[in-house]
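S.K.: Here is my input, please return the structure:
(2 chains)
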Protein chains: 2
Amino acid sequence: MKINEIGEFGLIGRIADAFKPLIPNGWEGIGDDCAMIPWSDNRSLLVTTDLLVENVHFLRNRISAYELGLKSLAVNLSDVAAMGGEPVATFLSLGLPSDTVTTEWSDAFFEGYRSFGVPLLGGDTTSSREGIVINITVLGQAKNSHIKRRSAAQAGDWIAVTGPLGDSAGGLQALLQSLPPEADTSELVRRHHRPRPHLAEGRWLGGRAEVHAMMDVSDGVASDLQHILRASSLAATVSVPELPITPLLQRVAAQYGWDAARMALTGGEDYVLLLTVSDAGLEKLQAAYTARFGSPLHLIGRCENGPSGTIRYLGSEAQFTGFKHF
Amino acid sequence: MKINEIGEFGLIGRIADAFKPLIPNGWEGIGDDCAMIPWSDNRSLLVTTDLLVENVHFLRNRISAYELGLKSLAVNLSDVAAMGGEPVATFLSLGLPSDTVTTEWSDAFFEGYRSFGVPLLGGDTTSSREGIVINITVLGQAKNSHIKRRSAAQAGDWIAVTGPLGDSAGGLQALLQSLPPEADTSELVRRHHRPRPHLAEGRWLGGRAEVHAMMDVSDGVASDLQHILRASSLAATVSVPELPITPLLQRVAAQYGWDAARMALTGGEDYVLLLTVSDAGLEKLQAAYTARFGSPLHLIGRCENGPSGTIRYLGSEAQFTGFKHF
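M.R.: Residues are numbered from 1 along each chain as shown, chains lettered A, B, ... in the order given. A predicted model of the protein is given here:
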């Protein structure tokens, strides 16, 4: 059977089943934003890894080396943020076509990578025949009591995100359609290339008992929310008119006839945090969050009892699914 | 400037310099087989990562999926062995051409990967346009007092290896020359495809004070020994006739006119351990090692004061250098 017939999550399920017997008690492997290993009495080591391949995840002539270094690390740091943790060390494997990539390119790549101030402790470099290959592993740490699991959502929880959705997808569209680099389209491309991992937000939310489940938005809320719902055996309702879509994306979408709501739900790569919040704690959390970060949590729906992993979309005729890797 | 003008170690040096200010006191980053992070009062976390790219590190139609899974993990476990540590968890990123790779292939790959009994705790899967991409990160742990650094060699130390050199290079030659799969050539190919990480040897040697520096043989002794010598500011003499070359490799080399000594020194991928041993402790260590493992440490040379990183080869007209990645 071809891999694409079982899909990415089918493959991951097979792997998780095969290795489950080898995983020690108290350790957590495949199934959340990071793996968790006991570190000390009250802390865990968090581990996440991401592979980026030229012409699948990026186009070399459309992203600067600086931005590629920045974004490659940002998407991993976002996974640590999603657990309520803080990053402590990174490891980078870099496959480079040796005759085409220059030291100016690699210097700029590492300048972007270094922009978060997280140490690089090791890695591997090799030549690559085909294109640039980037793999990053990030180690983080968190207090055990601060770790937010995907499986912790409860019926009645509010569903919230920590920032706007869809700008990154808009930037990707602008690149793919080779739109003229006007102020608006350039800003969308910039947001696609320079995601900000919500580390401060994640660490703060990790310390709040009102927050139940948390993850980051990488494949798009339509797909990512399903992971929380399946892990928590819940369904959800999402209100499409409540999605936080920036005026910027609304303007460009109107100009080029894009469906901004679809981009917000299925585009992915926003790297904001997606979380569920107890109904009883919402008001207090919202007030404290707004006081701390100067902007509110954006409420986009509710968790409810129902068929595990299903999402009803209110205020739209359409149904939505997220990005598929295979 | 093109990357291949500064070479792999030039690139790594630039990266190490750029990130040095970010690395906390007591942590060790680039420069040894694994990075080291304090884990508890008397233990360190060890981290190593390796990137393997199709058509650079392996040819898909020349290695079985089982062997590719086995070897990909073995080369990382070997780095943990070289620090005197034991592996605790692994993370795998897999880029697969989704329309050509089958679930039978991935099932066999994971069977090989699982053969060491070390848990897989997470990773990333993605499609790849060009070929199979494999990145593995292994976490290990060791008592601080057992960790053997490359920088700990001393003048007068004996240089030893824990197993034969060159069989892997012979197997690669047999593949590249498409030699007929007779018993001898098939066995060499098998050794190239199924390296055994010397974990038990590494852990045992880690506990012995007679052992000063240690690393694993991945690029070939001619190159790898230079790392120990440079880190320890020493020179060395290597006796070419003392290299442990198997009768198997000697037979095949004689048959096809190969230079077995050159293969032993520069072929790499043997994944035995390369270590230096104090002169005063050699006899005791050798007796205990032989009693424990049923075969001796193979002595191939001595460390000495002299120009840092230089190796004199005795008993051969030739000079040797190891595998270059760029």
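S.K.: helices or strands up against the strand or helix carrying residue A:8?
M.R.: Taking DSSP states H and E as the criterion, residue A:8 maps to helix A:3-19. Judged by 3 or more C-beta pairs under 8 Å, 6 or more residues apart in numbering or on different chains; DSSP states H and E, the packing partners of helix A:3-19 are helix B:103-114, strand B:120-127. To be clear about C-beta, it is placed using only N, CA and C from the backbone, and glycine gets the same treatment.
S.K.: who wins for proximity to residue B:144 among these?
M.R.: Of all the helices and strands packed on helix A:3-19, it is strand B:120-127 that lies closest to residue B:144, at 23.6 Å by C-beta to C-beta.
S.K.: ok, now how distant is residue A:165 from residue B:290?
M.R.: Using C-beta to C-beta, to the nearest Å, we find residue A:165 at a distance of 65 Å from residue B:290.
S.K.: Compare the two (neighbour count), which wins?
M.R.: Neighbours were counted for residue A:165 and for residue B:290 using other C-beta atoms under 10 Å in any protein chain shown; residue A:165 has more, 28 against 12.
S.K.: Which residues are in contact with the more buried one?
M.R.: A:217, A:221, A:243-245, A:263-265, A:267, A:270, A:272 (C-beta atoms under 8 Å, 6 or more residues apart in numbering or on different chains).
S.K.: which is the next helix or strand following the helix or strand residue A:238 falls within?
M.R.: Using DSSP H and E, residue A:238 falls within strand A:235-239. Following strand A:235-239 in sequence order, the next helix or strand is helix A:247-256 (DSSP H and E).
S.K.: in that next one, what's buried?
M.R.: A:248-249, A:252-253 (16 or more other C-beta atoms under 10 Å in any protein chain shown).
S.K.: what does that helix contact?
M.R.: Here helix A:247-256 has contacts from A:164, A:166-167, A:170, A:173-174, A:177, A:179, A:184-185, A:187-188, A:258-260, A:263-264, using C-beta under 8 Å, 6+ apart.
S.K.: if you set the cut-off to 10 Å instead, what comes out?
M.R.: Outside of helix A:247-256, the residues within contact range by C-beta atoms under 10 Å, 6 or more residues apart in numbering or on different chains are A:164-171, A:173-174, A:177, A:179, A:182-185, A:187-188, A:191, A:245-246, A:258-264, A:267.
S.K.: Kindly export stretch A:15-24 (C-alpha atoms) in CSV.
M.R.: Extracted in CSV, the C-alpha atoms of stretch A:15-24 (Å, rounded to 0.1, in the frame of the first residue of the first chain):
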residue,chain,number,x,y,z
ILE,A,15,4.6,4.0,14.5
ALA,A,16,3.1,5.0,17.9
ASP,A,17,1.5,1.6,18.3
ALA,A,18,4.8,-0.2,17.4
PHE,A,19,6.9,1.6,20.0
LYS,A,20,4.4,2.0,22.8
PRO,A,21,5.7,-1.1,24.7
LEU,A,22,9.2,0.4,24.8
ILE,A,23,8.2,3.7,26.5
PRO,A,24,8.8,3.9,30.3
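S.K.: Centre of the chain to that stretch, how far?
M.R.: Distance, stretch centre to chain centre, for stretch A:15-24: 25 Å (C-alpha atoms, centre = their mean, to the nearest Å).
S.K.: Next, the buried residues of that stretch.
M.R.: Judged by neighbour count (16+ other C-beta under 10 Å), stretch A:15-24 contains these buried residues: A:15, A:19, A:22-23.
S.K.: Kindly report the same for stretch A:66-80.
M.R.: Within stretch A:66-80, the residues scored as buried using 16+ other C-beta under 10 Å are A:66-80.
S.K.: give me the subset of the residues you listed touching chain B.
M.R.: Contacts with chain B are made by A:76, A:79 out of these, judged by C-beta under 10 Å from any C-beta of the partner chain.
S.K.: Filter the buried residues of stretch A:66-80 down to the ones in helices?
M.R.: The members of these that map onto helices under DSSP state H are A:66-80.
S.K.: for the residues you listed, which one is nearest residue A:126?
M.R.: Using C-beta to C-beta, those come closest to residue A:126 at residue A:72, 16.2 Å.
S.K.: Identify the residues contacting the closest one.
M.R.: A:50-52, A:57-58, A:90, A:92, A:94, A:109, A:112-113, A:132, A:134-136.
S.K.: do residue A:148 as well
M.R.: A:32-33, A:82-85, A:142, A:202, A:205-206, A:208, A:211-215, A:273, A:275-276.
S.K.: right, and residue A:212 touches residue A:228 too?
M.R.: Yes. If you go by C-beta atoms under 10 Å, residue A:212 and residue A:228 touch, sitting 9.1 Å apart.
S.K.: Now do the same for whichever residue of the stretch 151-300 of chain A sits closest to chain B: helix, strand or coil?
M.R.: Nearest residue of the stretch 151-300 of chain A to chain B, counting by C-beta to the nearest C-beta: residue A:218, 10.7 Å away. Classification of residue A:218 by DSSP: H, G, I helix; E, B strand; the rest coil places it in coil.
S.K.: Report the separation between it and residue B:35.
M.R.: Residue A:218 sits 26 Å away from residue B:35, taking C-beta to C-beta as the criterion.
S.K.: and what of residue A:90?
M.R.: With C-beta to C-beta as the criterion, residue A:90 and residue B:35 are 10 Å apart.
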